[in-house]
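Just need the structure, nothing else, for what follows:
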Amino acid sequence: MTRDPYAFVPVNSVWYNHEWLWETRSWLVYALGGGPALLIVKALCGALAFTALAWLGLRRGCDGVPLLALLSVVAWGLGPDVHVRPYVATYTLFPISIALLEQGSRKALTLLAVLFVAWVNLNASFVVGLGTVFIYTLVALLKRRPVWRSYGVLLAAMPFLVCLNPYGPAYWPFVVRAVTMPRPYITEFAPMPWALSPLRDPFLAGKLLLLVTPFLLWRRRIGWEGGALLIITAGMAMSSYRHVPLFLLAAGAYLPAALPNIKPDPRVLAAFAVAAVLWNGALLTRGLDLTVPTRPSAAADYWFPYGAVRFMKANGLHGNIANQFDWGEFLMWEMPDCRVSFDGRLETVYPKATIDENLAFLAGKQPGLAQQWGADFVLVPFADPRGPTPLVQALMKDPFWAPLYRSDNTALFIQSRFMRRGWIMPPQDADAELVPLTGPPSVNMPLTGIKPAGG
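Next up is the predicted model:
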């Protein structure tokens with residue numbers, strides 16, 4: 001790839017889209033049925049995952065009420081994370097993989113191999129499945145179980161199955177780089193916060209299970225495989241809250257074996273089952289609007305630069321935008337005639353040198369990079385808790401850039417040679433400002449003749 005259709009900075013020669021199958025499937029589903037169809041597919045994914053968890057619990061002899069109670073806690077913890085995004089494939093296939101490994105027959109392992117090929121093309125998190133098979137193979141070998149040979153054949157085949165993708169064997173170096181790459185600038189890869197109020201803590205279910213798991217691991221019924229996966233996923237969850245769902249699913253798969261047996265009246269069990277199904281269904285669908293809004297909302301203005309985009313559209317501004325990382329794909333969607341410097345495709349498109357340059361630029365350490373890249377605009381957060389960001393302060397002092405627009409969370413700069421009078425301010429952005437900060441006279445020129453859009 002010599003020129004990326006969305007970015008104007010140096011990019012990789014190949015765009016490793018490790019989620020191409022999920023994206024294609026989502027496009028087809030949305031084209032056929034819109035948001036409701038996506039919601040149905042998401043619900044089916046959740047149903048498959050919880051069917052696998054319920055089967056695992058019943059297989060280990062767990063009674064209905066403890067099993068439903070535990071799975072309700074798991075659903076409670078998963079609720080905030082079950083969105084229509086490629087990682088849902090892992091939330092679905094991880095418990096299904098465990099169920100097929102537990103079953104252990106040739107047909108089950110063959111089905112797992114087929115599902116693994118699909119997983120490879122749905123999301124790079126297929127490494128979770130590879131690691132799970134490795135753990136089951138190692139434990140079976142150490143325990144001298146006959147099934148270790150079947151597990152071993154599957155494990156030996158998996159590196160070759162990974163090559164069944166549009167990129168062939170060249171996909172492996174990308175996967176290794178993607179899995180080992182640190183992401184301190186992505187919020188969901190931050191460690192799980194422990195100091196939140198219990199009443200507003202979206203990770204409370206995960207924390208509760210993390211606290212009780214050490215007291216249940218001694219139960220032999222969990223098994224060495226379950227103990228290993230619980231410990232590994234617990235460590236992943238604590239180091240990065242993106243992985244909390246993996247721990248919750250592992251807990252749903254293995255902790256039922258350690259729960260006490262309770263045999264209630266069948267009518268009580270039936271009522272509890274209905275309540276649990278309704279509870280889990282509500283949790284797995286809450287807070288997700290799948291209509292995919294194409295126009296700004298009041299709440300979204302806090303997270304994305306809607307006001308700046310409205311201003312640029314009203315004034316016919318387009319070109320190369322040096323932008324905040326979190327805003328890249330939003331700008332692609334809202335301003336298809338512009339190209340960005342950074343976006344969530346990250347290592348799939350951008351080489352390490354470009355990523356490092358973007359991080360240095362956004363931190364205010366190398367503000368001159370935007371000019372070197374050939375940016376026409378800079379669109380970044382205006383302030384942090386200490387005041388205007390170092391990058392904004394540096395750009396204000398640079399005569400190459402002229403501050404053009406500012407809202408509570410956004411600063412827009414334009415090359416000084418493109419400055420003019422008579423900018424149009426959209427009516428809904430009456431509280432925003434033009435040239436809000438004090439800078440050199442050559443840059444902070446007063447603008448007059450501001451007219452409302454359409455005026």
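
Relative to Ser125, how far out is His243?
Here the distance between His243 and Ser125 works out to 10 Å (C-beta to C-beta, to the nearest Å). Every C-beta, even on glycine, is put in place using the N, C-alpha and C of the backbone.

swap in Ala157?
Relative to Ser125, Ala157 is positioned 19 Å away (criterion: C-beta to C-beta).

Same check on Ile355?
20 Å.

Backbone dihedrals for Ile222, please?
When read as degrees, to the nearest 10, the backbone of Ile222 gives phi -70, psi -30.

go on, Met236?
For Met236, the backbone dihedrals (degrees, to the nearest 10) come out as phi -60, psi -40.

residues in contact with the closest residue to it other than its chain neighbours?
Nearest residue to Met236, sequence neighbours excluded (C-beta to C-beta, 6 or more residues apart in numbering): His243, at 3.9 Å. By C-beta atoms under 8 Å, 6 or more residues apart in numbering, the residues touching His243 are Thr233, Met236, Ala237.

quick one: pLDDT of His243?
As predicted, His243 sits at a pLDDT of 89.

cool, and Phe382?
At Phe382, the model reports a pLDDT of 86.

Show me which of Ile355 and Ser125 is the more surrounded one.
Per other C-beta atoms under 10 Å, whichever of Ile355 and Ser125 has more neighbours is Ser125, with 23 against 19.

Show me the contact partners of stretch 233-241.
Outside stretch 233-241, the residues that reach it (C-beta under 8 Å, 6+ apart) are 188-193, 203, 206, 210, 213, 243-244, 246-247, 249-250.

Apply 7 Å and report the result again.
For stretch 233-241, contacts defined as C-beta atoms under 7 Å, 6 or more residues apart in numbering pick out 188-192, 203, 206, 210, 213, 243-244, 246-247, 250.

Name the residues of that stretch that come out as buried.
Of the residues in stretch 233-241, those buried by neighbour count under the rule 16 or more other C-beta atoms under 10 Å are Thr233, Ala234, Met236, Ala237, Met238, Ser240, Tyr241.

same deal with stretch 324-333?
Along stretch 324-333, these residues count as buried under the neighbour rule (16+ other C-beta under 10 Å): Gln324, Phe325, Asp326, Trp327, Gly328, Phe330, Leu331, Met332.

show me what contacts Arg242?
Under the criterion of C-beta under 7 Å, 6+ apart, the contact partners of Arg242 comprise Glu188, Phe189.

repeat for the one 5 residues further on
The contact partners of Phe247, by C-beta under 7 Å, 6+ apart, come to Gly206, Thr233, Ala234, Met236, Ala237.

So which of the residues you listed is the closest to Glu225?
Distance from Glu225 was checked for each of the contacts of Phe247 by C-beta to C-beta. The minimum falls on Thr233, at 12.2 Å.

And the pLDDT at that closest one?
Looking at Thr233, its pLDDT reads 94.
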